[in-house]
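S.K.: Sequence plus predicted model, see below.
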Amino acid sequence: MARMNMIQAINSAMDIMLERDSGTVVFGEDVGYFGGVFRCTAGLQKKYGKHRVFDAPIAEGGILATAVGMGVYGLRPVVEIQFADYIYPAFDQLVSEAARLRYRSGGEFWAPITVRSPCGGGIFGGQTHSQSPEAIFTHVAGLKTVIPSNPIDAKGLLIAAIEDDDSVVFFEPKRIYNGPFEGYHDRPLVPWSKHDLGEVPEGYYRVELGKASIVRAGSDVTILAYGTMVHVALAGVAEAGVDGEVIDLRTLLPLDIDCIVESVKKTGRCVIVHEATRTGGYGAELSAQVQENCFMHLEAQIVRVAGWDTPYPHAFEWEYFPGPDRVKRAILKVMEN
């Protein structure tokens, strides 16, 4: 075991897979010589050479098109799109090629691509460096979507994603790269080195895709969250003073609906928290699934806490960012019934 922040855990996952599998390659925007804009690939080019860890032009469509070709020919590309805000130029290649290839070829070809991309706000990145577009990718059949909330999961999930034969979009909440963020922007950040989940196994291990984690057991209300919002949800439960059960989804697709249903049937109440804009956000899909599977067990309406339907505002970061107070108010609302 070693103390790691999320950056180091992600680096360790790629290091292990590059060593275990000669077909694994890492490339993208500034990942080689510079080691990534957040240093997630630091040292990998020096260790494995420029033929396995290399920089690509700022041309997201070209990066993904190259990765698809590599995947068809038997490689396992791990590509980095520097910010999730810039993944849209690659959308056509992800949707029309990577996601459809296995189905279109009758199972003869597939593209085992992992697309890493930092997402989310809380760093004063404004509208061009703060987006959370995960819901768009969950709508695409053939893609898997992963968002970790801590270093242990980040490493194990990334290894599982790289080994998966389907294309995986792996979003990394950059606000929690260095420590868990509970939404209190006016308090000092507690680093992962002082958190239990910062103690990460040094060797190979997997966290299976499609398995949620109950990070706080409870009986009053179920709170569904992922990424940074897991820590905000825990803070919201503490502020509300209720026995809330917090579920870290970890993977949005495939979704661990069994874990969710079991919890909601027990508590009878559900609050959904995500950072992305509310309308059409992944919370809408979660709400529908909870309603379809748990209707007779619900004792109150399902409540969503999300970002507002506006571009991420630079000047009003914390008015947009769903904080623990908004989570607390949502919990108390469902507890009224």
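M.R.: Here it is on my side, so go on. What you are looking at is a predicted structure, and each value in this text was computed from that prediction instead of being measured.
S.K.: From the chain's centroid, how far away is the helix or strand where residue 63 lies?
M.R.: Assigned by DSSP states H and E, residue 63 falls within helix 60-72. Its chain's C-alpha centre and that of helix 60-72 lie 22 Å apart, by CA atoms, centre = their mean, to the nearest Å.
S.K.: Neighbouring strands - and their directions - for the helix or strand just after it?
M.R.: Per DSSP H and E, helix 60-72 leads on to strand 76-80 as the next helix or strand towards the C-terminus. Sheet pairing for strand 76-80, assigned by DSSP bridges, gives strand 24-28 (parallel), strand 114-119 (parallel).
S.K.: could I get the longest one in CSV with only the CA atoms?
M.R.: Put plainly, it is strand 114-119. Listed in CSV are the C-alpha atoms of strand 114-119, where the atom choice follows Å, rounded to 0.1, in the frame of the first residue of the first chain:
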residue,chain,number,x,y,z
THR,A,114,-10.2,4.2,-23.0
VAL,A,115,-10.8,7.9,-23.3
ARG,A,116,-9.5,9.8,-20.2
SER,A,117,-10.7,13.3,-19.7
PRO,A,118,-10.8,15.7,-16.6
CYS,A,119,-14.3,17.0,-16.0
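S.K.: measure the nearest residue to residue 174 once chain neighbours are set aside to residue 125 for me?
M.R.: The shortest distance from residue 174 to any residue other than its chain neighbours is 4.1 Å, reached at residue 118 (CB to CB, 6 or more residues apart in numbering). (C-beta placed from N, C-alpha, C; glycine too.) According to CB to CB, to the nearest Å, residue 118 and residue 125 sit 9 Å apart.
S.K.: Between these two, which is the more surrounded one?
M.R.: The residue with the greater number of neighbours, taking residue 118 and residue 125 and applying other CB atoms under 10 Å, is residue 118; the counts read 23 against 19.
S.K.: Help me confirm that the more buried one comes into contact with residue 82.
M.R.: Yes - with contacts counted by CB atoms under 8 Å, residue 118 reaches residue 82, the gap being 7.4 Å.
S.K.: And the helix or strand of the chain with the lowest mean pLDDT, how far out from the chain middle?
M.R.: Sorted by mean pLDDT, DSSP states H and E, the helices and strands of the chain end with helix 317-320, the least confident at a mean of 91. Computed by CA atoms, centre = their mean, the chain-centroid distance of helix 317-320 equals 21 Å.
S.K.: which element follows it toward the C-terminus?
M.R.: Proceeding N to C from helix 317-320, the next assigned helix or strand is helix 324-335, under DSSP H and E.
S.K.: Just the CA coordinates for that next one, please, in PDB.
M.R.: Output for helix 324-335, consisting of C-alpha atoms alone and laid out as PDB, is shown next (Å, rounded to 0.1, in the frame of the first residue of the first chain):
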ATOM      1  CA  PRO A 324     -23.900  20.700   0.900                       C
ATOM      2  CA  ASP A 325     -26.500  23.200   1.800                       C
ATOM      3  CA  ARG A 326     -28.600  22.500  -1.300                       C
ATOM      4  CA  VAL A 327     -28.200  18.700  -0.700                       C
ATOM      5  CA  LYS A 328     -29.300  19.300   2.900                       C
ATOM      6  CA  ARG A 329     -32.400  21.200   1.800                       C
ATOM      7  CA  ALA A 330     -33.300  18.400  -0.700                       C
ATOM      8  CA  ILE A 331     -33.000  15.800   2.000                       C
ATOM      9  CA  LEU A 332     -35.200  17.700   4.400                       C
ATOM     10  CA  LYS A 333     -37.700  18.200   1.700                       C
ATOM     11  CA  VAL A 334     -38.200  14.400   1.100                       C
ATOM     12  CA  MET A 335     -38.100  13.800   4.800                       C
END
